[in-house]
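# this one's structure only:
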C-alpha cells in the first residue's frame, strides 16, 4: 500500500482560504452609530416618562370628576364623602360593647358582655346588619338625603370617666350634623344626642325630617315559641306605658320612649323631647316551625322638629337585660313595666310580694331551684288559712248532707224545685254554712296562680340557672328527644311537667271527696257535678302535661312542689285539725240560735216566695184546663 505524504502546499492554501473567509465576515458586519444609539435610548426613556405622566394626570382627572359627581349628588354634604373614610369605632364599659360605623354614624354591633345565647355564643342585640338607624331630610338645593348612606367623621374623647364618641356629618369644619354617644362605667344606658350646627341654611325646614329606626330581633333562647310569646313592642305615651299587639301598628303622640323587648333583653330609645305622629310597627316572625334566627321586626318612624332651624334632641339608648330590679332603679322612666309582671292584681302581687320575697331569698341562697322551693313553701304557708277554711266548710257540708237528702225526698219533682231550694238554704243558714264558702278559697288562690305564671318565665335571674336535670329554669327541661313532633306537645319530653301532672292528679283525687261533700245532693233537672269532677281529675293533669312541656321548667317545678305541699297540708288538716264531732255539735248549737236575716237575704227569700207562688198559680191554671 502506498504511504500518504504531507502536502505542504495544500496546507498553505487552506490557511489562506480561512483568512479570506474571516476578512469577508468581518467586513460585512453592520456598523453601530453611537449618536443614533444615544438618541434611541433617550427616546425610550422619554416615552416611559410620558406614560407615567399620563397616569398621574388620569388619577387627578378621575378625582376631580368624582368630586364633581359627589357635589352633584350630595350638594353641600359632598364634603363628607370627599373627606370621609370607611371605618368603625368601638366604645365599651364593663357591661356593653358598641361598634359604631362611620357610614351612617350608627351602631352596627351591640354586645351584652355578661350573658350568652342559649347555644353559648356571645349575646348580640345588634349584629350582621339586623338594625338600621337613619335620618331622612331634604336640603335647600332640592336634594333628599339619608344619613345611612353618608360618611361621618369620628372623634373619640373622654369626659371624666365617661367615653364620648362624636360622629359628625360635615358640610364644613364648622357646619355639621352630629351623633354624640357617651358611655358611662357599669351602666347599660348610653347617652345619645342628635344635634346640628350651622345647617339652618342647608336643611330644608319645609320638608319633614324623619327618624327611622328598625330592628330585627335576634333569637337568643332555646324555645323560639316562648321567646316570641314574651317579645313585645312597648312605648310610653302621655305618661302611660302601653304595648302593641302582635302584627300591629299604631300612630301615637307625646312618646317619651319606645322599647323593643326581646323576652329577657331589650333595646330602648328614650328622648327628652317627645316624639309626635310616631308610627310604631311590629311584625311577627314566620312561625314556631320555621328555623329562623329572628323573632320579630320592630320599627319606629317619627318626624323630628327643628328649633331655630337646627336639630337638638337629647336621647338615651338602653341595651341590656329586661331585669325588673335593674329597670326599677331608673326612676321616672317606668321602664320596669316592660318586665311584663301581669296586669291588675297579678302585677300587684308580683311587685309587692313575690319579688320582695325572691330578692330576700337570693340574698343568702345561690341555688335558684332551692329558691323556687322555698318560695313555694312561703306561698303555701300564706295560703294555708284559706285551705283550712275550705276544708272546714266541706266538713260542715258533710255533717248537714243527710238533712239535705231528706229535703230532696220530701219535695220531689221539678214542680217543687223552688220549695226544695228554700228548705236547703234554710238548713245551710241555720248551720252557718254557705255554698260560697267553698268557692271563695279557690277564687283567692287564682290570682296567685296567674301572678306566678308571669313571674317565673319573665324573671331573668332564672335564665340559664341549672337545677337537677334542668339546665335552664327559664326554659323547658329535656330528658328525651323525640324523632317526631307531637301536636301541642313538641319533639321532646320534659320531666318536671310530668311530675307536676302526677302531683295534681293525686291532689284532685284526694280533693274529690272534699268537693263531693261540699256539693248539695243532686236535684231533679240539675246536672250531677260529681260526674263532671271525675272527668276533671283526668283532664286537668293531661292538659298540664301538654301545656307545660314547652314552658319554663321553673314554673313546672313550682307547681310540682306546690301540689305536694297542698296534699301534705290537706292530710294534716283532715286527720289532725278538723274534728267532725265538734263541728256537728257546733252546728246543733247554731240551729238553736235565732238567725238574723240580712236585707239581701230578705229580698232573696221574698223573690223566691213570689216565684213559688207564681209556679203554684200556673199549676192550678193548667189543672183547670
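Yep, it's here. Predicted model only: the values in this text are computed from it and were never measured.

# use CA for all of it now, contacts and neighbours both
OK.

# tell me if I am right that residue 448 is in a helix.
Yes. Assignment of residue 448 by DSSP: H, G, I helix; E, B strand; the rest coil places it within a helix.

# need the contact list for it.
346, 349 (Cα atoms under 8 Å, 6 or more residues apart in numbering).

# just residue 313 next, same as before
193, 194, 195, 271, 272, 273.

# okay, buried residues for stretch 362-380 please.
For stretch 362-380, a neighbour-count test (16 or more other Cα atoms under 10 Å) marks 368, 369, 371, 372, 373, 374, 375, 376, 377, 379, 380 as buried.

# same deal with stretch 160-180?
163-171, 175-180.

# top helix in the chain by residue count?
Longest helix in the chain by number of residues (criterion: DSSP state H): helix 368-410.

# same question for that one, mean pLDDT?
What helix 368-410 shows for mean pLDDT is 77.

# hang on, the earlier thing: what's the closest of the buried residues of stretch 160-180 to residue 307?
residue 177 (14.0 Å; Cα to Cα).

# let's see the pLDDT reported for the nearest residue to that closest one once chain neighbours are set aside.
Nearest residue to residue 177 in three dimensions, chain neighbours excluded: residue 196, at 4.3 Å (Cα to Cα, 6 or more residues apart in numbering). Looking at residue 196, its pLDDT reads 91.

# is it true that residue 322 touches residue 457?
No. Under the criterion of Cα atoms under 8 Å, residue 322 is not in contact with residue 457, lying 11.9 Å apart.

# any regions of the stretch 401-550 of the chain where pLDDT drops low?
The stretch 401-550 of the chain contains residues with pLDDT under 70 at 405, 407, 410-420, 422, 424, 426-442, 512-535.

# check which residues of stretch 450-461 are buried.
For stretch 450-461, by 16+ other Cα under 10 Å, it's 450, 451, 452, 453, 454, 455, 456, 457, 458, 459, 460.

# which other residues reach that stretch?
230, 263-264, 321-324, 339-342, 346-347, 349-350, 354, 462, 474-475, 551-552, 554-555.

# next one: the residue nearest to residue 234 when sequence neighbours are not counted from residue 232, what distance?
Nearest non-adjacent residue to residue 234, counting by Cα to Cα, 6+ apart: residue 243, 4.2 Å away. Applying Cα to Cα, to the nearest Å, the value for residue 243 to residue 232 is 7 Å.

# ok, the two, which is more surrounded?
residue 232 (24 against 18; other Cα atoms under 10 Å).

# identify the bridge partners of the nearest residue to the more buried one once chain neighbours are set aside.
Spatial nearest neighbour of residue 232, chain neighbours left out: residue 261 (5.3 Å); criterion: Cα to Cα, 6+ apart. Assessed by DSSP bridges, residue 261 has beta-bridge partners residue 232, residue 266.

# any idea how far residue 261 lies from residue 107?
Taken as Cα to Cα, the span from residue 261 to residue 107 is 18 Å.

# sorry, back to before: of the buried residues of stretch 450-461, which belong to helices?
450, 451, 452, 453, 454, 455, 456, 457, 458.

# pLDDT wise, what is residue 237 at?
So residue 237 comes in at 91 (pLDDT).

# which phi and psi values does it adopt?
Dihedral pair for residue 237: phi -130, psi 130, per degrees, to the nearest 10.

# burial measure for the nearest residue to it once chain neighbours are set aside, as a count.
Distances taken as Cα to Cα, 6+ apart place residue 255 nearest to residue 237, at 4.5 Å, with adjacent residues excluded. Neighbourhood size, residue 255 [other Cα under 10 Å]: 23.

# ok, now how distant is residue 255 from residue 276?
Residue 255 is 7 Å from residue 276, by Cα to Cα.

# same question, residue 223
Computed as Cα to Cα, the residue 223 to residue 276 distance reads 36 Å.

# can you check residue 253 too?
4 Å.

# which one's more surrounded, those two?
residue 276 (18 against 15).

# list the contacts for the more buried one?
Counted by Cα under 8 Å, 6+ apart, residue 276 has contacts 252, 253, 254, 255, 302, 303.

# please tell me how far the fourth one sits from residue 236.
From residue 255 across to residue 236, the span is 6 Å (Cα to Cα).

# and stretch 573-586, what's its mean pLDDT?
Per-residue scores along stretch 573-586 average to 69.

# do the same with stretch 264-271
Mean pLDDT, stretch 264-271: 94.

# all numbers from here: first residue = 28
Got it, the first residue is 28 from now on, which makes the last one we talked about stretch 291-298.

# buried residues, it. List them.
Across stretch 291-298, burial judged by 16+ other Cα under 10 Å covers 291, 292, 293, 294, 295, 296, 297, 298.

# export the residues you listed to CSV and tack on distance to residue 471?
Converted to CSV, those look like this (distance: Cα to Cα, whole Å):
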residue, distance to residue 471
291, 30
292, 33
293, 34
294, 37
295, 37
296, 39
297, 39
298, 42
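
# just the closest of those to residue 336, please.
Using Cα to Cα, these come closest to residue 336 at residue 298, 19.4 Å.

# and that closest one, what does it touch?
Residue 298 touches 283, 284, 340, 341, 342, 343, counting by Cα under 8 Å, 6+ apart.

# which among the contacts of residue 340 count as buried?
Buried residues within those, defined by neighbour count using 16+ other Cα under 10 Å: 220, 221, 222, 298, 300.

# so which of those are in strands?
Those of those mapping onto strands are 220, 221, 222, 298, 300, per DSSP state E.

# my guess is the second one contacts residue 208, does it?
No. Under the contact definition of Cα under 8 Å, residue 221 does not touch residue 208, with a separation of 9.4 Å.

# can you show me the strands along the stretch 478-627 of the chain?
507-513, 517-520 (DSSP state E, counting those that start in this stretch).

# so which of those is the most packed in?
strand 517-520 (a mean of 18; mean count of other Cα atoms under 10 Å).

# who touches that strand?
Residues contacting strand 517-520 (Cα under 8 Å, 6+ apart): 504, 505, 506, 507, 508, 509, 510, 511, 512, 576, 577.

# can you tell me the strand partners of it and which way each runs?
When DSSP bridges is applied, strand 517-520 pairs with strand 507-513 (antiparallel).

# which residue, neighbours along the chain excluded, lies closest to residue 320?
Here the residue nearest residue 320, using Cα to Cα, 6+ apart, is residue 246, at 5.2 Å.

# closest to residue 538 out of the buried residues of stretch 477-488?
Distances from residue 538 to those, taken by Cα to Cα, are shortest for residue 477, at 21.1 Å.

# low-confidence ranges, the stretch 78-227 of the chain, go.
78-94, 96-97, 99-100.

# what segments of it are strands?
Going by DSSP E, counting those that start in this stretch, the stretch 78-227 of the chain shows strands at 115-119, 123-128, 134-143, 149-153, 158-165, 171-173, 180-186, 189-199, 202-210, 216-224.

# dump those to CSV, plus distance to residue 324.
Shown next, in CSV, are the strands of the stretch 78-227 of the chain (distance: least, Cα to Cα, whole Å):
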stretch, distance to residue 324
strand 115-119, 25
strand 123-128, 21
strand 134-143, 16
strand 149-153, 13
strand 158-165, 10
strand 171-173, 21
strand 180-186, 29
strand 189-199, 27
strand 202-210, 24
strand 216-224, 22
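
# out of those strands, which comes closest to residue 362?
strand 216-224 (11.9 Å).

# what pairs with that closest one, parallel or antiparallel?
Assessed with DSSP bridges, strand 216-224 is paired to strand 202-210 (antiparallel), strand 339-348 (antiparallel).

# what's the angle from the helix or strand following it to strand 149-153?
The helix or strand immediately downstream of strand 216-224 is strand 236-245, counting by DSSP states H and E. Following axes from the mean of the first three to the mean of the last three Cα atoms, to 10 degrees, one obtains 150 degrees for the angle between strand 236-245 and strand 149-153.

# nothing else from me, thank you.
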